[in-house]
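S.K.: Pasting the sequence and the predicted model now:
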Amino acid sequence: LPPGLSRFQSSISLLQSSRSGSPQHDAGSSCFTVNQCTRAQVESLVAAARLDDLRSRLCSRMSFGTAGLRAPMGAGFNRINDLTVIQSTQGLFSYLSRYFADLSSRGVVVGFDTRGQEESGCSSQRLAKLTAAVMLSRDVPVHLFSTFVPTPYVPYAVKKLGAAAGVMITASHNPKEDNGYKVYWCNSAQIGSPHDKEILLNIEEQLEPWSASCWDERLVESSSLRTNPLTQINSCYMEELASLCFHRDLNSSCPLRFVHSSFHGVGHVFVQQAFKTFGFAPPIPVPEQKDPDPNFSSVRCPNPEEGESVLRLSLLLAEKENATVVLATDPDADRLAVAEKCGWKVFTGNELAALLGWWMFFNWKENHPDPADTEGVYMLATTVSSKILQAFARMEGFHFEETLPGFKWIGNRIHELSKTGHSVIFAFEESIGFLCGSMVPEKDGVSSAAVVAEMAAYLHNKNLSLNQQLHNIYRTYGYHVAETSYVICNDPPTIQKIFNRIRNFDGERSYPKMCGGVRIIHVRDATTGYDSSQPDLRSVLPVSRSSQMITFTLQNGVVATLRTSGTEPKIKYYTEFCAAPGKSDVSSLEEELRKITTALLDDFLEPERNNLIRRCV
């Protein structure tokens with residue numbers, strides 16, 4: 001080794017090949033191969049004496065965050081690769097085997113999306129097979145999907161099959177270089193505390209791959225403990241999806257045309273089937289984006305949340321085909337973007353939630369005319385999302401609750417409420433993640449696409465567009481004008497410095513008192529547990545010290561939040577003006593909100609001083 005690299009010796013050896021998976025071990029055998037691509041990456045870095053790159057890759061490990069593990073693919077302990085997936089699955093098995101006495105009968109579900117990277121030899125399918133191989137090597141039954149599926153199919157399968165847990169190999173809408181390892185608990189919700197921390201401890205206790213079988217992706221073809229749940233789960237999902245269809249007779253004769261983009265991911269086939277379940281003709285696919293492509297070759301960013309710039313091909317096709325509504329699912333089909341032809345209005349996540357919340361409650365009331373039934377109904381939203389559902393609840397008499405950001409909090413709350421006989425009929429997060437009904441405690445772009453199509457068809461029959469109905473909702477419940485964006489920060493110490501400054505803005509342990517010339521009346525810091533609006537100054541929401549989040553309530557009714565992303569190097573900011581019913585001068589609301597948002601960004605985050613990269617789409 002070059003001078004100065006001796007302390008990386010053991011790490012490099014493990015990444016090049018485990019003792020049980022080394023080339024010497026498998027000489028003369030074709031049962032399995034270690035990943036020669038990631039091995040070559042490490043050897044190249046060693047030969048070039050690239051110390052900083054080696055330190056970055058080898059001196060830290062991934063931690064379970066909002067979505068399990070998520071990182072770039074490639075060699076290194078803080079990267080997604082064969083070894084780190086094997087290590088993660090060994091830790092998951094160890095924890096599950098202690099938690100579930102019946103693990104050998106319940107088994108686990110494993111699914112994957114369409115991601116892949118030639119230079120690291122990684123693909124979601126390969127990593128899913130390695131995940132399955134580790135479990136199978138310990139005689140745990142594995143329900144491994146035979147082809148790519150939407151992320152919601154994994155927790156749905158956990159529920160239907162009674163599995164102990166589920167793993168989805170996906171990085172959702174992240175850049176093409178990334179992949180991830182998303183874990184679901186037996187209640188079908190994403191894992192949370194203490195399971196995430198315990199799994200991480202179990203991973204760190206046994207980093208050496210157990211045996212040659214852990215590297216053998218072909219084990220999934222030969223083991224009698226492996227089953228393919230695709231046909232059963234797809235059939236059950238579509239059958240249950242029909243329960244969200246309220247006006248099938250209108251759908252079958254609907255003159256509206258729909259365009260759908262799957263953003264080079266998994267969504268095309270499944271959204272087509274969902275439309276059929278609802279009685280619609282299939283949506284028109286964007287031809288350049290309907291087939292899987294791990295390079296996401298037609299979009300700069302595979303995230304439909306970015307709006308009109310990334311929906312360009314969809315909107316052009318809709319113009320050509322005279323389609324009224326554009327639907328776009330992200331690469332793993334758990335999120336949904338919607339645009340409507342009226343100068344092409346691209347709805348924000350908050351606006352679409354207003355429509356879907358109204359729609360779900362409207363149809364629920366049609367089927368439950370007794371007002372007493374409303375007492376058992378809930379809607380949920382993350383705390384950085386629009387407060388429009390809260391306005392609904394106040395006027396209509398159902399319950400509304402907020403959770404911390406991330407659908408794992410919503411999913412686990414749905415599970416808790418179901419145990420007490422309550423029904424969650426809609427939940428959302430502003431980043432275009434929606435759950436209509438409670439088929440699965442996870443955001444679901446496939447079911448949401450079909451529900452939006454039916455809502456559009458129903459409104460069209462009433463001579464209304466989606467956008468017109470949105471304004472009807474705001475006139476009834478109060479305009480909720482929101483702005484959401486982010487800055488990029490690739491330096492974690494800078495993020496820490498920014499939030500420390502905010503917590504000591506006007507002296508030690510003193511938060512800002514003004515924003516954009518408006519007095520701040522309440523501060524809630526979910527990272528420290530402080531909330532000035534509570535008598536004991538303690539936040540009602542759980543404390544989440546692993547991420548940064550501070551919310552300011554202003555005297556004029558604006559609510560503003562700064563938080564770090566759990567999956568990307570971003571500081572996100574959210575502002576919303578919650579106006580009372582009857583206050584309909586939207587332009588003045590927007591102008592006041594814009595002023596607050598600019599001050600929040602410039603005065604609190606100081607992008608230029610901190611070398612933050614402003615969003616540019």
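M.R.: In hand now; what should we look at? Numbering: from 1, shown residues only.
S.K.: So for the closest residue in space to Gly116 that isn't next to it in sequence, what's the pLDDT?
M.R.: For Gly116, ignoring the flanking residues on the chain, the nearest one in space by Cβ to Cβ, 6 or more residues apart in numbering is Ser123 at 3.4 Å. (Glycine included, C-beta is placed from N, CA and C.) Here the pLDDT value assigned to Ser123 is 96.
S.K.: And Arg413, by the same measure?
M.R.: Residue-level pLDDT assigned to Arg413 equals 96.
S.K.: correct me, but it touches Leu404?
M.R.: No: counting by Cβ atoms under 8 Å, Arg413 does not reach Leu404; the two are 9.9 Å apart.
S.K.: what's the burial count for Val149?
M.R.: Other residues near Val149 number 27, with proximity taken as other Cβ atoms under 10 Å.
S.K.: give me every residue that touches the residue nearest to it when sequence neighbours are not counted.
M.R.: Of all residues beyond its chain neighbours, the one nearest Val149 is Gly111 (4.9 Å), with distances taken as Cβ to Cβ, 6+ apart. By Cβ atoms under 8 Å, 6 or more residues apart in numbering, the residues touching Gly111 are 128, 144-145, 148-149, 151, 153-154, 157, 166-169.
S.K.: tell me which element Gly111 is part of?
M.R.: Assigned by DSSP states H and E, Gly111 belongs to strand 108-112.
S.K.: Quick one: distance of the helix or strand following that strand to the chain centre.
M.R.: Using DSSP H and E, the next helix or strand after strand 108-112 towards the C-terminus is strand 116-117. If you compare the mean C-alpha spot of strand 116-117 with that of the full chain, they lie 20 Å apart, counting by Cα atoms, centre = their mean, to the nearest Å.
S.K.: Indicate each strand paired with strand 116-117 and its parallel or antiparallel sense.
M.R.: According to DSSP bridges, strand 116-117 has the following sheet partners: strand 122-123 (antiparallel).
S.K.: Walking through the stretch 301-450 of the chain, point out its helices one by one.
M.R.: Per DSSP state H, counting those that start in this stretch, the stretch 301-450 of the chain carries helices over the ranges 312-321, 349-367, 388-396, 407-419, 445-461.
S.K.: contacting residues around the second one?
M.R.: Helix 349-367 is touched from outside by 246, 305, 336, 338, 347, 374, 377, 379, 381, 385-386, 388-389, 392, 396, 398, 425-426, 428-434, 436-437, 448, 451-452, 455, 466, 469-470, 473-474, 480, 482, 484, 576, with contacts defined as Cβ under 8 Å, 6+ apart.
S.K.: Domain-wise, how is the chain divided?
M.R.: 61-233, 480-614 (the TED database).
S.K.: So which of these is the most surrounded?
M.R.: A comparison of the domains of the chain by mean neighbour count, using mean count of other Cβ atoms under 10 Å, puts domain 61-233 on top with a mean of 22.
S.K.: Pull up the distance across that domain, start to finish.
M.R.: Counting by Cα to Cα, to the nearest Å, you get 34 Å between the two ends of domain 61-233.
S.K.: Check the gap between Val299 and Ile169 for me.
M.R.: Look at Val299 and Ile169: by Cβ to Cβ, to the nearest Å, they are 21 Å apart.
S.K.: I meant to write Ala526 there.
M.R.: Distance of Ala526 to Ile169, computed by Cβ to Cβ: 30 Å.
S.K.: One more: Thr131?
M.R.: The gap separating Thr131 from Ile169 is 7 Å, by Cβ to Cβ.
S.K.: any residues in contact with both of these two?
M.R.: The overlap between the contact sets of Thr131 and Ile169 (Cβ under 8 Å, 6+ apart) consists of 85, 110, 181.
S.K.: Name the nearest of those relative to Leu605.
M.R.: When those are ranked by distance to Leu605 (Cβ to Cβ), Tyr181 comes first, at 30.9 Å.
S.K.: Surely the closest one touches Ile80?
M.R.: Yes: under the contact definition of Cβ under 8 Å, Tyr181 touches Ile80, with a separation of 6.9 Å.
S.K.: Between the two, which contacts overlap?
M.R.: Common neighbours of Tyr181 and Ile80 are listed as 69-70, 127 (criterion: Cβ under 8 Å, 6+ apart).
S.K.: Mark which of those are part of strands, please.
M.R.: Among those, DSSP state E puts 69-70 in strands.
S.K.: burial count for Ala339?
M.R.: Here the count is done by other Cβ under 10 Å, and Ala339 has 23 residues near it.
S.K.: do Asp373 as well
M.R.: Residues near Asp373, counting by other Cβ under 10 Å, number 14.
S.K.: and the gap between it and Phe361?
M.R.: As judged by Cβ to Cβ, Asp373 and Phe361 stand 12 Å apart.
S.K.: Where does Tyr181 sit, in terms of helix or strand?
M.R.: Tyr181 belongs to strand 178-184 when assigned by DSSP H and E.
S.K.: Need the residues that contact that strand.
M.R.: 64, 67-73, 80, 85, 88, 92, 109, 115, 117, 122, 124, 127, 131, 151, 154-155, 158, 165-172, 174, 190-191, 195-196, 199, 442, 567.
S.K.: ok, Glu238 touching Phe278?
M.R.: Let me fix one detail, which is that residue 238 is Met and not Glu. No: taking Cβ under 8 Å as the definition, Met238 is not a contact partner of Phe278, at 9.9 Å.
S.K.: which helices and strands sit right next to the helix or strand harbouring Val559?
M.R.: Val559 is part of strand 558-564 when elements are defined by DSSP H and E. When contacts are defined as 3 or more Cβ pairs under 8 Å, 6 or more residues apart in numbering; DSSP states H and E, strand 558-564 sits against helix 492-503, strand 549-554, strand 570-578, helix 586-599.
S.K.: helices or strands up against the first one?
M.R.: Read it as helix 492-503. Counting by 3+ Cβ pairs under 8 Å, 6+ apart, the packing neighbours recorded for helix 492-503 are strand 549-554, strand 558-564.
S.K.: circling back: how about the domains of the chain in CSV, adding distance to Cys342?
M.R.: What follows is the domains of the chain, written out as CSV (distance: least, Cβ to Cβ, whole Å):
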stretch, distance to Cys342
domain 61-233, 26
domain 480-614, 16
